[in-house]
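Asker: Pasting a predicted model and its sequence here:
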Amino acid sequence: MTRKTILSAVGALMLVGAVGAQAASLDEDGVDFTVTTDQYTINWNTNAQSGYSSIIPAGNGEIDLFGAGGRNVYHSANYAGWKDWGGAADTNVIEESAGKIVLGFDMDDGASKIYHVTATFWDGVPYWKNELIVEAVVAVTSFSDGHEPMCEPRAGGAGNEFEKWDAPFAHAAFANDDGYFAMYTELGTARTHVWEADGRMDLEHNNLQVLLDKGEMSDPIVYYMATGTGDLDDAHDLADLVTKLPAEVLAVSAKAKLATSWGDMKQK
């Protein structure tokens, strides 16, 4: 990827950031945790199946890329039948500070696994980080069958396009006229499934699977997600940035003096 392409991606961040200048905020109503940054509004529903249930990029007219709330991004494994994330057995606001929110969720699948998730959201960049650990309720394999995580947009025929890439590391995205949503992993592989009307995509971490005895914890997996008002190319360009802390990305953009519009930069 050229320096121009990378800087264009950062330029896109700055344009979206200019749409909303509020600091990151958290709203909790007992069922939904809603995180709003200057880049997006995200909803995590704690009812079964728990997980991300709403993704709204800033500047797209508040249109949800996930048309049907609930069970849009979640984890699942196939042992004696598919077991998805259940409801959140525990929730925790780990950090709520200027420009940063960290949330913790524990999901019991009702059979063999408790998933411990730490999600970190920032102002200034259109991506966020998930760290996940599996706790064995009984002897079970930590990661298997893909679906870790699975994304089902269920956007009601929004005309989703999907793409997956292997470099610089595995990532997959869907996009429509209202924006894109992408998932990135340095540890696994990515797949897309377009045989459903709205399509599906997932990350596989099967290469990390380990047999856990009851009470044991897996090593963590870390993956990233991003959303914006652009297209599949914008989602792909972000792969060079998502593993960086926002301060590093924003320092680069400041040095490059990228306070121009995304449209202007694309003409150069």
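Answerer: Thanks, I have the structure now.
Asker: where along the stretch 1-150 of the chain do the helices fall?
Answerer: Counting by DSSP state H, counting those that start in this stretch, the stretch 1-150 of the chain has helices at residues 3-19.
Asker: what kind of secondary structure is residue 249 in?
Answerer: Three-state assignment for residue 249 (DSSP: H, G, I helix; E, B strand; the rest coil): helix.
Asker: pretty sure it is touching residue 243, no?
Answerer: No. Between residue 249 and residue 243 there is no contact under CB atoms under 8 Å: 10.1 Å. Every C-beta, even on glycine, is put in place using the N, C-alpha and C of the backbone.
Asker: who's more crowded, these two?
Answerer: A count of neighbours by other CB atoms under 10 Å puts residue 249 above the other of residue 249 and residue 243, at 22 against 15.
Asker: pLDDT value on the more buried one, please?
Answerer: Residue 249 is assigned 90 on the pLDDT scale.
Asker: try residue 47
Answerer: pLDDT, residue 47: 89.
Asker: ok, the closest residue to it other than its chain neighbours to residue 53 distance?
Answerer: Of all residues not flanking residue 47 in the chain, residue 87 sits nearest, at 5.3 Å (CB to CB, 6 or more residues apart in numbering). Here residue 87 is placed at a distance of 13 Å from residue 53 (CB to CB, to the nearest Å).
Asker: now do residue 166
Answerer: Counting by CB to CB, the gap from residue 166 to residue 53 is 29 Å.
Asker: More neighbours: which of the two?
Answerer: Taking neighbours as other CB under 10 Å, residue 166 and residue 53 compare with residue 53 leading, 23 against 9.
Asker: and the residue lying closest to residue 204 once chain neighbours are set aside, what is it in contact with?
Answerer: Nearest non-adjacent residue to residue 204, counting by CB to CB, 6+ apart: residue 146, 4.1 Å away. Neighbouring residues of residue 146 by CB atoms under 8 Å, 6 or more residues apart in numbering: 191, 202-204, 206.
Asker: mind checking pLDDT for residue 146?
Answerer: So residue 146 comes in at 86 (pLDDT).
Asker: one step back: from the contacts of residue 146, pick the one nearest residue 37.
Answerer: Minimum distance to residue 37 across those is 22.7 Å, recorded for residue 203 (CB to CB).
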